[in-house]
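Enquirer: I need the structure of the sequence given here:
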Amino acid sequence: MTSDCQQRTSRLQERLREAGVDAAILTDGDSIAYFGGYWNYLGLEFGRPTIMVVPADDAPSIITPLMESDMCRAMTWVDNVVPWEDGDGAPWGDAMRPTLGTGKMTLGIEAAKMPAVIAGYIGANIPTARLSDIARMVGEIRVIKDENEIAIMRQAGQVAIAMVESGRDALGEGVPEYELALAVIAGGTRKAAQYMDPDKDRFFSPTIHNLQVLQSGHDTCMVHRRSNVRRLQKGDPVYFCFCGMVNFKHYKLGFDRNYFIGSVTDEQARDHEITIAAQKAALDAIRPGAIAEEVHACADAVYRDAGHAPGYRTGRAIGYSFLESPELKVGDQTVLQQGMSFAVDGGITVAGQYGTRVGDSIVVTSDGYEYLTPFDKTLTVV
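Expert: Numbers count the residues shown, from 1 in each chain. Prediction:
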């Protein structure tokens with residue numbers, strides 16, 4: 001991982017030089033992990049920012065709280081780890097400034113991801129700096145996955161499959177939703193642990209966490225409701241979404257499946273099949289050279305021909321972040337390339353009654369795509 005991060009940083013520095021940017025200031029935790037190989041679990045929400053400074057023509061630095069500095073040195077390939085100690089003002093900013101040099105400069109930031117407190121510090125304390133949004137530059141580096149990344153994402157897919165298998169096996173009349181979530185967490189964690197080496201992976205946790213997106217019964221209309229204490233009843237549809245749950249060695253996948261308890265109506269079965277057909281239409285359009293919004297249009301056409309209007313995009317790029325660019329939606333003109341990876345999903349909502357959903361993660365290959373979550377999606381009544 002160290003050599004991968006160094007190579008990524010070298011590519012970033014090359015792009016900075018081409019763009020005339022003197023240094024990048026990375027504040028997004030996913031970007032710092034991607035380039036610096038370091039992450040911690042107590043960030044700005046605890047008033048404790050970590051910042052990576054990448055000069056175009058010099059060695060990078062990581063500015064991190066003193067409490068985490070030993071861990072940072074053990075994790076990162078970056079030699080210059082600059083600790084800051086809690087105190088009044090902005091001690092993290094005072095620690096960052098010497099790493100930037102002096103004089104007029106152009107600083108690259110991921111504008112949409114930079115916290116206001118850090119942007120405010122730069123404006124007040126480095127007034128001669130010109131800010132340039134390098135979000136697109138960073139995204140273009142991150143969007144193409146190499147073979148090492150794809151190998152990890154395949155493992156993440158197997159973790160996702162273990163999660164849905166555990167949740168499916170726990171289904172039954174009278175079972176409360178939270179028990180399904182517990183089963184998902186346990187199954188995914190045990191599978192993730194199988195892929196981890198006690199020494200090489202000591203800074204990764206196999207523990208699957210986050211609130212399970214899960215609904216049953218009429219609440220399957222509410223796509224992002226979390227599991228609660230409701231008990232499953234005969235005739236219930238049950239929807240599992242793992243898009244905020246599958247997080248293996250930083251790679252975050254999308255994955256969705258639904259099931260039915262005891263019975264399924266003809267209308268529900270029909271809409272389930274339409275949902276699968278729409279996803280298939282999108283998947284069949286995926287290949288290098290395809291246009292993102294045109295992939296979305298293929299799924300859109302299936303829904304509209306069946307009398308349903310889709311309520312959201314058909315997919316999104318996946319990787320170190322839950323949401324990356326490009327997206328499979330109206331207006332996104334990105335040309336797909338080999339090595340891009342996407343969550344491709346969708347569904348139908350019948351207001352006040354039920355919803356059907358299906359989603360998978362894929363990587364674009366030379367002539368189409370490869371499933372990262374190869375798992376049965378046929379209608380299943382438990």
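Enquirer: Distance check, the residue nearest to residue 379 when sequence neighbours are not counted against residue 256.
Expert: Closest residue to residue 379 apart from its sequence neighbours, by C-beta to C-beta, 6 or more residues apart in numbering: residue 272 at 5.1 Å. All C-beta atoms are positioned from the backbone trio N, CA, C, and that covers glycine. Distance, residue 272 to residue 256, using C-beta to C-beta, to the nearest Å: 12 Å.
Enquirer: cool, and residue 370?
Expert: Using C-beta to C-beta, we find residue 370 at a distance of 18 Å from residue 256.
Enquirer: Between those two, which is the more surrounded one?
Expert: The neighbour comparison of residue 370 against residue 256 (other C-beta atoms under 10 Å) goes to residue 256, with 26 against 15.
Enquirer: Could you pull up phi and psi at that one?
Expert: For residue 256, the backbone dihedrals (degrees, to the nearest 10) come out as phi -140, psi 140.
Enquirer: And residue 44, by the same measure?
Expert: phi -60, psi -20.
Enquirer: check contacts around it.
Expert: Taking C-beta atoms under 8 Å, 6 or more residues apart in numbering, we find residue 44 in contact with 115, 117.
Enquirer: hmm, back to that, list the contacts of the residue nearest to residue 379.
Expert: For residue 272, the contact set (C-beta under 8 Å, 6+ apart) comprises 258, 264, 356, 379.
Enquirer: Just among these, which is most surrounded?
Expert: Counting neighbours by other C-beta under 10 Å, residue 356 comes out on top of these with 26 neighbours.
Enquirer: And it, how far from residue 308?
Expert: In terms of C-beta to C-beta, residue 356 sits 10 Å off from residue 308.
Enquirer: do residue 286 as well
Expert: Distance of residue 286 to residue 308, given as C-beta to C-beta: 22 Å.
Enquirer: Compare neighbour counts for those two and give me the winner.
Expert: residue 286 (22 against 19).
Enquirer: So what touches the helix or strand hosting residue 215?
Expert: For residue 215, the enclosing helix or strand under DSSP states H and E is strand 213-216. Strand 213-216 is contacted by residues 167, 177, 180-181, 221-227, 230, 232-233, 236-245, 261, 355 when judged by C-beta under 8 Å, 6+ apart.
Enquirer: Alpha carbons of the following helix or strand past that strand, as CSV, please.
Expert: Next helix or strand after strand 213-216 toward the C-terminus (DSSP H and E): strand 237-241. Provided in CSV are the C-alpha atoms of strand 237-241 (Å, rounded to 0.1, in the frame of the first residue of the first chain):
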residue,chain,number,x,y,z
PRO,A,237,-41.4,-7.2,1.3
VAL,A,238,-38.0,-6.6,3.0
TYR,A,239,-35.4,-4.3,1.5
PHE,A,240,-31.7,-4.5,2.4
CYS,A,241,-29.3,-1.7,1.3
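Enquirer: so how far is strand 237-241 from its chain's centroid?
Expert: On the basis of C-alpha atoms, centre = their mean, to the nearest Å, strand 237-241 sits 20 Å off its chain's mean C-alpha point.
Enquirer: what pairs with it, and is each one parallel or antiparallel?
Expert: Looking at strand 237-241 with DSSP bridges, its partner strands are strand 213-216 (antiparallel), strand 256-260 (antiparallel).
Enquirer: Low-confidence regions, this structure specifically.
Expert: 1, 311 (pLDDT under 70).
Enquirer: quick one: buried residues of stretch 354-372?
Expert: Using 16 or more other C-beta atoms under 10 Å as the test for burial, stretch 354-372 gives 354-364, 369, 372.
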